[in-house]
Every structure is written in structure tokens, then in C-alpha cells.
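*Asks:* Sharing a model that was predicted from the sequence below.
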Amino acid sequence: MLALLHEGCSAGPHTAATGMRHGLRDRRSTPQQGELLCGFRIGVTCLPPLHRFAPLPLIFRQCTMTTHVHDAEMPPSRPDPSLDSGAERIAPPRVEAVGDAARDAAFEHEVLACLPDVTRYARALTRDDAAADDLVQDTFLLAYRGYHTFRTGEDVRRWLVTICRRAFLRDRMRSARVVTTDEGSDAELDTLAAVSGHAAAQRAGQDRLFERFDLGPAIEQAIASLPDAFRRAVVLVDVEGEGYEEAAAIEAVPVGTIRSRLFRGRRLLQDQLLEYARDAGYAAIRTPPATRAAAPTVISPRRAPRHATDAQMPAAGHTT
Amino acid sequence: MATPAAIDCETAVRRLWDFLDGELGAMSAAEVEAHLATCELCVPHFTFATGMLDAVAESRRLPGDLERLRDRVVASLQTHGFRAGRV
């Protein structure tokens, strides 16, 4: 029974999130207000067959009955290891832990306060506001259930982003069953390509666009158009301000991989923004060379340097 | 720390994003800084990249109607025993 459940879970076309959207909701709720009624992992396992033949209350009972068995005995190996690391955080609620007023007040103060960050991240992931709202709701429910595993002093925003990312990827993996792994082969080549792109923009007089124009909407659009893995890296590092190590931990990939994805994403982003500048006629804003060379510019890292030893630098082009 | 070694332009720009992200080792970063202090050609590349990354960071869109979403999340949690929140 358990083997069947697990197999169905990993191979099934439905995800917990979509399953819940399609049927696993409290009957009292509207689709927008529906509540998750079963454990995250088990949510989809019984959906396809039961959804067709069983009345809804039976689905709820069976899912509830199987959730704890499944969670307790879930084999450690999964198709994508990055989706499972730290999965103990997304644990079913402990009855004695739920409903404690002090705990809930702390949850509200500490965790719910991160709603804007999680929402922004969810929207960057899904590129769809309604889907993002579902993902945010799922994320906080999972966080609430696993709050007893949260360690005081840990970065709560990073914890939530990790939960959000896992929920999103599970949803994706189970619906598409294909994870795009189109990544660059050499992060430094992407850096060089970006510099070459900038040199061309200099020649065309488009190199001051970031100083003179509000490119917010164009940047949002460009980020949204990036392939998934690259977009997630750009959002984590450049939008959410995570370092390479932190982003790698959230993505559950090596630091070199997040660096490669980030650099490729940035290069694609720059290409799109320069193309946008060309289309918008920004070539007319060429700055006279004399003005450009007038004042010496001091360039500093945008973030406080880690000052790691050089040996700790990720290998260029390392991908998994 | 020893005096930074001289690096050429290609080496400097290869390190561009790592440098701006503060992810370089201390010596590598010092080499880039020393190069930029004397190279007029490379500075604009670093300035441009800084401008792009700043623009991306500033593009953080504050999601609209967060109150509605928060109420929805709290209502969801409350069906699972959550006692705080404003809903």
C-alpha cells in the first residue's frame, strides 16, 4: 500500500497544490479560500483515482489516514534530491503544538511579517499572481505546520523562501515531470559576453540607460521571461539580496551551479534590456566622451565582501 | 596581506560579477581594485554592471493588495488552530 502510494506520488501528474486547487478543499470554502486538508506529500497521491470515484469526504478521510504513515515511511531517495533536502521541515502538525497562543503570536510576529517577501518571491517564481497567491498560502500553511522545527535565531525569511521554493518545484515537477537543466557551461564566459555587450552598447551610445531611465517595468518583464533556473537565481541574489551560498542552500545546488545560473541569467537580462533600449530609441542619449572621462569613479563591491580565501571560489562553469 | 599582483583587463572583467557581489577572495578583490584604479577602459564596464544590478534590485515590486492576501493566509491558518492574526 505504501509502495503504491509513493509510486503514485512521484509519478502522478497532479501536484499537491493543484490537487488541492482541484478538489482537496474544505467544502465550505470557495476556490479562493479553500484550505489544505491533508499532508503536503500525500495530497496528490490518491487524487486521480479517488477524485473520479469517491465522494469528497471519503477523499479527505483517506488522505488524512494515509498522511502520517506516508510521511513517516517516505523513502529518502527521490527523483530530484534537491526537492527533498530538509523536507523534515515540512512536517505534519503535531497536535500538541497547534493552537498554542504564545506560539501563534510568535508565528504571527516572526513569520507572517515576511508575507511581502514571500509574495514577491512566489510571484517571481510563478509569473502569475493568482498562482502566486495559492503558493503563498501553501507556504505559510506548511510553515505553520513545521514551525516547531524552526530554530530560534535562524533566518526566518530564508526558511520561508526555501519552503516556498520546494512547494513550487514539487508542483512543477509533478505537473511537468521534466526539469529544465539548460545551464551555461562557463560562468566567466557569460561575464565576458556581458562585458562585450556593454562595449557594443557604449559604441551605440546606450550605456547610460540605467542612470537615466526608470526601467522597472522593463526589468520585471525581462526577469519574468528568463528560463526558470536562471530566473530563480537572479531573483534570489539580485532581487532578494541573498549571497551565493545562501541562494545555493535555498536551491539545494552547489554554489558553482547557482553562480553559473546567476551569470547566465544576468547576461540574458542585460541582452534584453539593451534590446529594449535600442527599440525605445535610447541611442539618442549618448554621453560625450569628455564628460564620461571627467570624474574618476571608485568601484566597490555592492555587498560587503566575504573575503573568503581564493581557494573557496566556486569553479568557473561548474554546473550540475 | 601581500601587495596585489597586477592583472590584465580580461582577468579583471572575468571577475566583474564576483567582485561586485563581494564573493571574491580578499587577494583577488584587491587585485581588481588595484586594476580599476589605473584602468580607464575597465571602469565603465564595472559602472555599467553596478547600474544594472542596482536597477534590478530597485525593481522589487511590492505586491499589491497584500492585506487581502494576508487575511486569506490567516483564515487558512485559523482553520488549523492558529489563534493570532487580525481576521
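*Replies:* Received the coordinates, thanks.
*Asks:* Where does the prediction get shaky in the stretch 101-250 of chain A?
*Replies:* A:173-185, A:212-213 (pLDDT under 70).
*Asks:* Residue B:75 versus residue A:160, what's the distance?
*Replies:* Taking CB to CB, to the nearest Å as the measure, residue A:160 falls 19 Å from residue B:75. Where you see a C-beta, it was placed from the backbone N, CA and C, and this is true even at glycine.
*Asks:* err, residue A:195, not the other one
*Replies:* 50 Å.
*Asks:* neighbour-wise, which of the two wins?
*Replies:* residue A:195 (25 against 16; other CB atoms under 10 Å in any protein chain shown).
*Asks:* now the more buried one, nearest residue through space, not along the chain?
*Replies:* Distances taken as CB to CB, 6 or more residues apart in numbering or on different chains put residue B:13 closest to residue A:195, at 4.6 Å, once the chain neighbours are dropped.
*Asks:* Wait, the one you found touches residue A:193, no?
*Replies:* No: in this structure residue B:13 lies outside contact range of residue A:193 using CB atoms under 8 Å: 10.5 Å.
*Asks:* between those two, who's got more neighbours?
*Replies:* Neighbour totals were compared for residue B:13 and residue A:193, and residue B:13 leads with 26 against 18 (other CB under 10 Å).
*Asks:* Please identify which helix or strand holds that one.
*Replies:* helix B:9-14 (DSSP states H and E).
*Asks:* Could you pull out the buried residues of that helix?
*Replies:* Across helix B:9-14, burial judged by 16 or more other CB atoms under 10 Å in any protein chain shown covers B:12-14.
*Asks:* export the residues you listed to JSON lines and tack on pLDDT?
*Replies:* Output for the buried residues of helix B:9-14, formatted as JSON lines (pLDDT from 0 to 100):
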{"residue": "B:12", "pLDDT": "94"}
{"residue": "B:13", "pLDDT": "92"}
{"residue": "B:14", "pLDDT": "92"}
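*Asks:* Mind giving me the packing neighbours of the longest helix belonging to chain B?
*Replies:* Counting residues, the longest helix found in chain B (DSSP state H) is helix B:42-58. The contact analysis (3 or more CB pairs under 8 Å, 6 or more residues apart in numbering or on different chains; DSSP states H and E) places helix B:42-58 against helix A:187-204, helix A:209-212, helix A:216-224, helix A:255-279, helix B:9-14, helix B:16-20, helix B:26-36.
*Asks:* Run the chain-centre distance for it.
*Replies:* Relative to its parent chain, helix B:42-58 has a centroid offset of 10 Å by CA atoms, centre = their mean, to the nearest Å.
*Asks:* ok, residue A:145 touching residue B:80?
*Replies:* Yes: applying CB under 8 Å, one finds residue A:145 in contact with residue B:80, separated by 7.4 Å.
*Asks:* neighbour-wise, which of those two wins?
*Replies:* Between residue A:145 and residue B:80, counted using other CB under 10 Å, residue A:145 has the larger neighbour count: 23 against 15.
*Asks:* Any part of the helix or strand of chain B at the bottom of the mean pLDDT ranking near chain A?
*Replies:* Ranked by mean pLDDT, DSSP states H and E, the weakest helix or strand in chain B is helix B:66-78, scoring a mean of 89. Yes: Helix B:66-78 reaches chain A (CB under 8 Å from any CB of the partner chain) through B:66, B:69-70, B:72-77.
*Asks:* now those: which count as buried?
*Replies:* Buried by 16+ other CB under 10 Å: B:69-70, B:72-77, out of the residues of helix B:66-78 next to chain A.
*Asks:* Which one of these is nearest to residue A:151?
*Replies:* Checking those against residue A:151 with CB to CB, the nearest one is residue B:77 at 20.7 Å.
*Asks:* isn't that closest one right up against residue A:139?
*Replies:* No: the pair residue B:77 and residue A:139 does not pass the contact test of CB under 8 Å, sitting 11.4 Å apart.
*Asks:* give the contact list for the residue of the stretch 151-300 of chain A found nearest chain B.
*Replies:* Nearest residue of the stretch 151-300 of chain A to chain B: residue A:210, at 3.4 Å (CB to the nearest CB). Shown in contact with residue A:210 (CB atoms under 8 Å, 6 or more residues apart in numbering or on different chains): B:48, B:51-52, B:54-55.
*Asks:* can you check residue A:137 too?
*Replies:* Residue A:137 makes contacts with A:36, B:69, B:72-73, B:76, as judged by CB under 8 Å, 6+ apart.
*Asks:* again, only using 7 Å
*Replies:* Contact analysis of residue A:137 by CB atoms under 7 Å, 6 or more residues apart in numbering or on different chains lists B:72-73, B:76.
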